[in-house]
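In: could you work out the structure for the sequence below:
(chains A, B, C, D, E and F)
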Amino acid sequence: MMSQYLFYFLTFVAIFCALLVVFSKNPIYSALFLIVTFFATAGHYFLLNAQFLAAVHVIVYAGAIMVLFIYVIMMLNLNREVEPHKSTAIKIAATVCGCILGLVLVAALRETEMSAISEYSNPGIGLIERLGNVLFGAYMVPFEISTVLFLSAMVGAVFLSKKSIH
Amino acid sequence: MEIIKGIPLTSYILLCSILFSIGAIGVLYRRNALVIFMCIELMLNSSNLLLVAFSRYFSDTNAQVFVFFIMAVAAAEVSVGLAILMMVYRNTKTTDIDALNKLKF
Amino acid sequence: MFPILLLLLPIVSALVLLALPGSISKRVALVGSILSLVMVLYALNTLRFDAASANLVYNQIWLSSLGSNLSFSIDGITMVLLLLTNILMPLIILSTFNREIHKPKAYLTFMLFMQSALVGVFMATDGLVFYIFWELALIPIYFICLFWGGEGRQRITFKFFIYTLLGSLFMLVALIILYQHTTNHSFAISDLYAAGKSMTFEQQAWVFWFFFLAFAIKMPVFPFHTWQPDTYTNAPTQGTMLLSGIMLKMGTYGLIRWLLPMVPEAVSAYSNTVIILSIISVVYASCIAIVQTSFKRLIAYSSIAHVGLICAGIFSYKAEGIQGALVQMFAHGVNVVGLFFVCDIIQRNAGTDTIANLGGIRSVNQRFAFWFLVIMLGSVALPLTNSFVGEFLLLNGIYQYNVWYAAIGGLTIILGAVYMFRSYQAIMLGTTSGNTLMFASLKKSETLVFVFIVFIIMVCGIYPKIILDISALDVLKMIMH
Amino acid sequence: MNEIIIVAGLGILTLLAEIFNFKKLLMPVIIAGLGATLLISILELQGSISNSAMDANVLSMLDFDRFAKCFVILLTVIALFWVLINYNYFLDESSRADHLALILFAMVGGYCMVSYSNFVMLFLGIEILSIPMYVLAGSKKNSLRSNEAALKYFLMGSFATGVFLFGITLIYGTMGSFYVYDVRAKTTATEFALTPMFTVGVVMLISALSFKVSSAPFHFWAPDVYSGAPTSVTSFMATFVKTSAIAAFIRLFYTALPFVPDNFSRIFVVLIVSSLFIGNIIAVFQTNAKRLMAYSSISHVGFMLIAILFFTQATGVKALYFYAAAYSITTLAAFMVIKIVAEQSEGNDNISAFNGLVKRNPLLAGTLTIAMLSMAGIPPLSGFFAKYNMLFIALSQGYFWLVILAILASLVGVYYYFKIVIAIFTGVSVSTSSIQISFAQKIILIILTLLIIGMGLNGWVFEMI
Amino acid sequence: MQLTNRSKQVADTKMTWLERIYLPGIFKGMMITLSHAFKKKPTIQYPEQKRAIAPLYRGQHVLKRDDNGAERCTACGLCAVACPAEAITMIAAEREKGQEKLYREEKYASMYEINMLRCIFCGLCEEACPKEAIFLTDRIVPSTTKRKDFIYGKDKLVEKMDQRIDVSVRQTNNLAEFKKNQSFAHNKL
Amino acid sequence: MLSPEIIYKIILILAVFTVTLVVAMWSTYAERKVAAVLQDRLGPNRAGPWGFFQPVADGLKMFTKEEFIPGTADKQLFILGPCLAMLTALMTGVVIPWGGDLTFGGHSYKLQITDINIGILYLLGVVSVGVYGIMIGGWSSNNKYSLIGALRASSQMISYEIAMGLALISLVMMTGTLSLGEIVHQQDAGWANIVYQPLGFLIFIICAFAETNRAPFDLPETESELIGGYHTEYSSMKLGFFLFAEYINMFISSAIIASLYFGGYNFPFQHSLGLEGNALSLVQTFVFFCKVFFFIFFYMWVRWTIPRFRYDQLMNLGWKTLIPLAILNLFITGIVIGFRNGFFQ
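Out: Residues are numbered from 1 along each chain as shown, chains lettered A, B, ... in the order given. You can find the predicted model right below:
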């Protein structure tokens, strides 16, 4: 019972804040609402018994990614005035397009019947031990390969931020 | 938490679809590259949530590991993306994507 | 043996030419082309006495995955065209003598490559190989026109290129369709014949029209001719000669070898349409030729008229028609080269080819007037010239198909006579104008070209059997098949 | 797997070179390393040496089947050529180690994309390939055009990633597995029926991958990015990245969703036709060579996608492989010339820069002409055979009108390829000074030209896969 | 020129490994600060304890009266002129009949203010005073919370007769001698 | 509805909350006192005996000062900043085990609000969120000093979080659990973790200094450079919140250091004292607080000893020294664990 209310509460927060992300004029408000959305998502993860992911989600998204975002916004000092006025036609078109996408998705997925739901047999799948075993077992290769991804991202970010010597 | 008994999976699918669409709307609606980027993060986030929901309902760990990778990739992408943004800002003093019109055919 | 030699000889001579200094390149090219001619004559000899000789066939496994082999063979029909190509090539090269040509090395190299490609087209007995050579022939002539052409050449050559490429791409589709109907996935011509016959009528119709489009553009037949006069006018003389003398025959040869036996049902169904188109093109081109002011353009339109008749003759699907077509192809090749050479000399000496601005050349240069006269007579199919034999046989063939078509097609002789004589009159006779006053006498090499051309015109006119005999057997075989 | 390890190792070595200052040795080492990679992959293909560490865990992620091995060879060849062509670029650049490392890391991504057997690896592969590309597109940091290219590429690329992920999620939602052969087993089972969720997932996947291969109508980024990025990077994007992406695309259907092309053929046809026409028609109006190449690449993608309609028979994959090889080699040659010419004319890469190139350097002119003719599909160059195969496939599947449209489109293509050819031969060049190129460059140009001419005439590339 | 040996010669040598990791240095520093925790605290608890002040300490001013209780100040204004901080203002007035007890001279300051916020306690007013009327004392100006409270008028400055302020330390012979020899501007007139 | 369990939890939460606040409050007093002592001074000694009620006076002063929001500031965020700082500071105490078990009426109660199985991740998460308060506060002030302070704070915290996380991973590898309760419990039997992880401890404590913005890492609020850094524009209660949050952070991080590396509430020979049950627990709690107070003292001690870093030195230390060291530590730990588990035989 409790968890259902929680679900609806978190869902409401997530969607409401997601909307505000899009429609806030000031980028920093967008970022802050996005953080709230992320927290709501983390709450959902908790509800879904994925504690590890919830914590990682907070650390990575709220703790690192969004900090970077806000950092950049501050550094660039993006205020309300920066965003120029866009023609309403484009805005309406964008909204309509997005809404159509949403409608299509919702309409297509509304009727989804999950035929092959296995029994609520394994509450421990979100536990770190399980995840660790899978990650370093079956997913060893992607784990190793993702180091290349990080290296390249790191080199790339450093390269782009470096002052070019001329 | 017995979420699985009270809430059907469909609810999660719909929630994620809506979040995804909001992200997409944001990408189309906003002109500020930073906000567009945030909306993209929102989209990634919605698929993350859906994957976790699936994982819970299927009792399958794989999806959660996938989410883990998505987070890793998102972090990497953000670092590069913000570096690009800063670079652009240094040269143009704006993050408005409409200001970028040097390349038109 | 012969096929591969004939293919490689021009390329080898082109490479030799590239290696040697530019001053002697024309002579090297001439020697190379004469060597090819000798080779063809040798092959002709072989064909005469041993038609089944292995030397006339070349087969090499190539792209087995695509079902295509490098296979060439020489039979009578091919031989006529090989002969034409290899006789004309020395003449065309000879016609460059005493001409100032920018970068002669490259020019001649392109021409020799062209020769190789043309020979390949005529000899190929594999669909893909045929197609490749067909396209390959386009490249050198494109560059010849692009580099050495006249004003506005970019646009005109490009139009020409696009036209022909469009046609050939459709031909490619036709070939692929045929290939997919072969039982053993092969591009060999015999397999394609079999495949073509096995197809339904509708499929045959598609293949027919795709092939026809390619050939019709190449020839060209009304309404696909719009590229032709511009290109002929614009191209350098040798390019025009190549285009009209040899390349145009690729289309007619294609009809005989690749279209008629390939899809018999469609051919019988649509030959009427095609013949009507051809006849239209004959009359239309002749009429336009009459009103031309430029001599070169006039020849270009006359070429359309002649080819129209050839096309109609081929589609009559009678031995006479096809034989006539072959003879006429040969004859037209020689004549038109002669005419363009004449035109070139006039243009060089008088600085213009506008008929109205010329006149009285005969009084300045009598020898030239004579050569021109003979060639013109050959072109209007006077008896005892080569064209007469061809046109006669063609009209005979068409007559057997439909009297009225023959009657209308016969107009070409009258109309041809009209525009030819009128232009001769205007150019050569009458009083000299400022342009023609200083008409130079012919150089030795020019005379040599005229002598050869006139010799061929006369020989074939008087004794056409030498041409007819080469292909008679194979044409009959084809008709009977 | 060996290749991935070697190339990733080379990347790290490059980074170390910056620290320990043995930059001089770097390029030879990289070239030798790539050569070794090529050798190893060829030996693996022949079965002379076995692929290392192929236990079940690896196989469930990366499956180096014949398809993968062949594409790895192709990618390695492309990369090797690319490095050779851009040898000078790396000698001049101040941060060359970064560039090289990024390229090498991107190669790892490419290898993953052609060999994945799990959606995780596909996703990681795409990202590992994309992220260095985002950076490299913006590697001319002071150039607004380069910046803009990077930002556009990045934003649209991440958007596509988002769509891609949602697609994968939905497919996972119906299939319950990320392992492609599991998905295949489920989708090919008799009781399988299309659910809305699955359909949406597949459509999203297709759209995202279409974006990555820059097929219309998801092509918007390509012209901007191609023309904005430095020429060397553009050539890498147009060859290596495109080949990897298209290989990943077809591998998806080859392994996981074999039934999709039949059931979703309309989508593919729309993709193909729009790519062919948008690519070719807009290219006609271009004056910038790199932009023109971008549109041309879009049209080539249209051709390549034809293979997907017919991949179930070996011919489809073969045709794609050949097309990718021919296209990549040709594009490399073209970009090499564009780069050299643009450098000689103060970075001007408009078509007018090629005016009268034949007088300034006949070898460059010849190579570019051959490349353009090959792209236009003139026999007997490799481009012709590539297109031939594709038309062949389409016809055999009965897409008669598709073939007609393809032919019309490629005729339009001839127009703009010849625009360059005409400029080369008849244009009046602004500068009459001849363009000097080094001996090594000459050799590379000649090799590339010979490859363009010879690849189609010899069936082994086609037969390799 | 080295006068003392307190200064340390700095050697710019390369740091050793041990120095470069800083930890021993930090530890040493920590020990030093810690050792100070056990040292005697020099703090003076001010209101209760007072620090011994110098004999010539200059604190709050006083306007002296003479032994008869008459104000010495004649409102000549020299102190105000001498004041570098311009803290002194005054208004002069004529002595009326019957006020001889109050004012020593015929002229007196009807208003005399020192702004203690401006005053820098330099003592120049004292030096300038020809009448030995103003002195600085060892008293401390108490703090208040309002600005105007720092403007000391005569009510605060003039000494009360019942609380005479001893300024004898300032009236030494030496000082008197010094003052006598001072060439004041008014002496020259 | 309200089971004894829940009532107990509520009481515990309130207790922890109160203790945290009280400790933080008197930390301000302690700070001044320690500073004074280390500088040969007496420190506050007027309010109450030895100035013991000084914090109360300070608090009253904070409350009564004028509430001021700059006109150009972003009102909502200006208020949100200190609230967030306070919130995140208070959230951390949830997972810290304050002592052993208490037994009332047969029930055993843990002196830990919740022992979640991802305690350390929770800590990292909360710490990583903690920067928002400062960032938002600094940005919304619309003051360049504040902005610079906020930027410094965020980059500093992000940089040092990595090294901190890596140091913690070594610890987690060694203990094999992410639960703080479990980690502390493991130290009951054996040595404190500091013995096994000296390098890790060193890195962690340095990072803890940086994360709490304490000297010598107090660049976000340097008075001499940035006036007051991110809280330049703040006054009265909102300033109080910021300062308070800092002291709470200090207290909590001391508690974490004590728990992770110094055996938490365990102390040597605790089982030989003959104490049992609740008595032992209470002694343990006392010991724990002693440890915590030592670290709080240590914080202050360092503050008044080591001068502030320059900004580039700070970044160099973080990225070029601590992270490689943490990775080295990770590597060594991995090898040692491998040896212990017989991987290399």
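In: contacts, neighbours, all on C-alpha from now
Out: Fine.
In: so C:Trp62, which state does it fall into?
Out: strand (DSSP: H, G, I helix; E, B strand; the rest coil).
In: swap that for D:Phe218, please
Out: Assignment for D:Phe218 (three-state DSSP): coil.
In: for it, which non-adjacent residue is spatially closest?
Out: If the residues on either side of it in the chain are set aside, D:Phe218 comes closest to D:Phe211, at 4.9 Å by CA to CA, 6 or more residues apart in numbering or on different chains.
In: same question for D:Thr449.
Out: Using CA to CA, 6+ apart and skipping the chain neighbours, the partner closest in space to D:Thr449 is D:Thr367 (5.8 Å).
In: for that neighbour, pull up the helix or strand it's in.
Out: Using DSSP states H and E, D:Thr367 sits within helix D:362-376.
In: show me what contacts F:Glu67?
Out: By CA atoms under 8 Å, 6 or more residues apart in numbering or on different chains, the contact list for F:Glu67 reads F:Ser235, F:Ser236, F:Met237.
In: and if you look at D:Phe81?
Out: D:Leu332.
In: next, it: secondary structure please.
Out: In three-state terms, and counting by three-state DSSP, D:Phe81 is helix.
In: quick revisit: show me how far whichever strand or helix holds the residue nearest to D:Phe218 is from its chain's centre.
Out: Using DSSP H and E, D:Phe211 falls within helix D:196-213. Relative to its chain's centre, helix D:196-213 lies at 20 Å (CA atoms, centre = their mean, to the nearest Å).
In: in CSV, list the C-alpha atoms belonging to it.
Out: Taking Å, rounded to 0.1, in the frame of the first residue of the first chain, the C-alpha atoms of helix D:196-213 are listed here in CSV:
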residue,chain,number,x,y,z
PRO,D,196,3.6,-3.2,-30.2
MET,D,197,6.4,-2.8,-27.8
PHE,D,198,8.8,-4.8,-30.0
THR,D,199,7.8,-2.9,-33.1
VAL,D,200,8.4,0.4,-31.4
GLY,D,201,11.7,-0.9,-30.2
VAL,D,202,12.8,-2.0,-33.6
VAL,D,203,11.7,1.2,-35.2
MET,D,204,13.7,3.2,-32.7
LEU,D,205,16.7,1.0,-33.1
ILE,D,206,16.5,1.4,-36.9
SER,D,207,16.2,5.1,-36.6
ALA,D,208,19.1,5.5,-34.3
LEU,D,209,21.3,3.3,-36.4
SER,D,210,20.2,5.1,-39.5
PHE,D,211,21.4,8.2,-37.8
LYS,D,212,24.8,6.7,-37.1
VAL,D,213,25.2,5.7,-40.7
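In: next secondary structure after that helix?
Out: helix D:221-228.
In: can you tell me if that following helix touches chain B.
Out: Yes - for a cut-off given as CA under 8 Å from any CA of the partner chain, helix D:221-228 has contacts with chain B, namely D:Asp224, D:Ser227, D:Gly228.
In: quick one: the helices in chain A?
Out: Using DSSP state H, the helices of chain A run over residues A:2-23, A:27-47, A:51-57, A:66-76, A:88-110, A:128-136, A:140-161.
In: quick one, phi/psi of F:Pro70?
Out: phi -60, psi 150 (degrees, to the nearest 10).
In: repeat for E:Leu136
Out: According to degrees, to the nearest 10, E:Leu136 has phi -90, psi 140.
In: what sits against the nearest residue to it once chain neighbours are set aside?
Out: Among residues not flanking E:Leu136 along the chain, E:His61 sits closest, at 4.3 Å (CA to CA, 6+ apart). Shown in contact with E:His61 (CA under 8 Å, 6+ apart): E:Ile134, E:Phe135, E:Leu136, E:Thr137, E:Leu157.
In: quick one: the residue lying closest to A:Leu101 once chain neighbours are set aside from A:Ala18, how far?
Out: Take A:Leu101 and drop its neighbours on the chain: the residue closest to it by CA to CA, 6+ apart is B:Ser21, 6.3 Å away. From B:Ser21 over to A:Ala18 the distance is 10 Å, taken as CA to CA, to the nearest Å.
In: how about D:Pro28?
Out: 52 Å.
In: out of these two, which sits in the busier spot?
Out: Neighbours were counted for D:Pro28 and for A:Ala18 using other CA atoms under 10 Å in any protein chain shown; A:Ala18 has more, 27 against 13.
In: didn't that one look like it was pressed against B:Leu19?
Out: Yes - with contact defined as CA atoms under 8 Å, A:Ala18 counts as touching B:Leu19 (6.9 Å).
In: overlap in contacts, the two.
Out: Jointly contacting A:Ala18 and B:Leu19 under the rule CA under 8 Å, 6+ apart are B:Leu42.
In: quick one, what contacts the residue nearest to A:Leu101?
Out: Contacts for B:Ser21 (CA under 8 Å, 6+ apart) come out as A:Gly98, A:Cys99, A:Leu101, A:Gly102, B:Met43.
In: the first one touches B:Ile25, doesn't it?
Out: Looking back up the chat, that one is A:Gly98. Yes - using CA under 8 Å, A:Gly98 is in contact with B:Ile25, at 4.4 Å.
In: which one's more surrounded, the two?
Out: Comparing A:Gly98 with B:Ile25 by other CA under 10 Å, the one with more neighbours is B:Ile25, at 27 against 23.
In: what is the least confident helix or strand in chain E?
Out: Scoring the helices and strands of chain E by mean pLDDT, DSSP states H and E places helix E:185-188 at the bottom, with a mean of 48.
In: do the same with chain A
Out: The weakest-scoring helix or strand in chain A, judged by mean pLDDT, DSSP H and E, is helix A:88-110 (a mean of 79).
In: list the buried residues in it.
Out: For helix A:88-110, a neighbour-count test (16 or more other CA atoms under 10 Å in any protein chain shown) marks A:91, A:94-95, A:97-99, A:101-102, A:105-106, A:108-110 as buried.
In: what comes into contact with it?
Out: Contact with helix A:88-110 is made by B:10, B:13-14, B:17-18, B:20-22, B:24-25, B:28-29, D:196-197, D:200, as judged by CA under 8 Å, 6+ apart.
In: ok, now with 10 Å
Out: Residues from elsewhere that reach helix A:88-110, judged by CA atoms under 10 Å, 6 or more residues apart in numbering or on different chains: A:112, B:10-11, B:13-31, D:170, D:195-201.
In: next secondary structure element downstream of the longest strand anywhere in chain E?
Out: As assigned by DSSP state E, the longest strand anywhere in chain E is strand E:107-115. For strand E:107-115, the following helix or strand on the C-terminal side (DSSP H and E) is helix E:124-128.
In: mind giving me the packing neighbours of that next one?
Out: Contacts defined by 3 or more CA pairs under 10 Å, 6 or more residues apart in numbering or on different chains; DSSP states H and E place helix E:124-128 against strand E:61-63, helix E:78-82, strand E:134-136, helix E:173-181.
In: possible to save those as TSV with distance to C:Ile189?
Out: Shown next, in TSV, are the helices and strands packed on helix E:124-128 (distance: least, CA to CA, whole Å):
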stretch	distance to C:Ile189
strand E:61-63	130
helix E:78-82	127
strand E:134-136	130
helix E:173-181	137
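In: now do the strands in the stretch 201-350 of chain C.
Out: For the stretch 201-350 of chain C, strands defined by DSSP state E, counting those that start in this stretch do not occur.
In: give me the residue from it nearest chain B.
Out: Residue nearest to chain B within the stretch 201-350 of chain C: C:Trp227 (31.5 Å; CA to the nearest CA).
In: check contacts around that residue.
Out: The contact partners of C:Trp227, by CA under 10 Å, 6+ apart, come to C:Ile156, C:Thr157, C:Phe158, C:Lys159, C:Phe160, C:Phe161, C:Ile162, C:Tyr163, C:Thr164, C:Ile217, C:Lys218, C:Pro220.
In: how far away from the center of its chain is the helix or strand B:Met43 falls within?
Out: Using DSSP H and E, B:Met43 sits within helix B:33-58. Per CA atoms, centre = their mean, the displacement of helix B:33-58 from the mean C-alpha position of its chain is 5 Å.
In: stretch D:243-254 now?
Out: With CA atoms, centre = their mean, you get 11 Å for stretch D:243-254.
In: touching chain A at all, stretch D:30-46?
Out: No - under the criterion of CA under 10 Å from any CA of the partner chain, chain A is not reached by stretch D:30-46; the shortest gap measures 17.1 Å.
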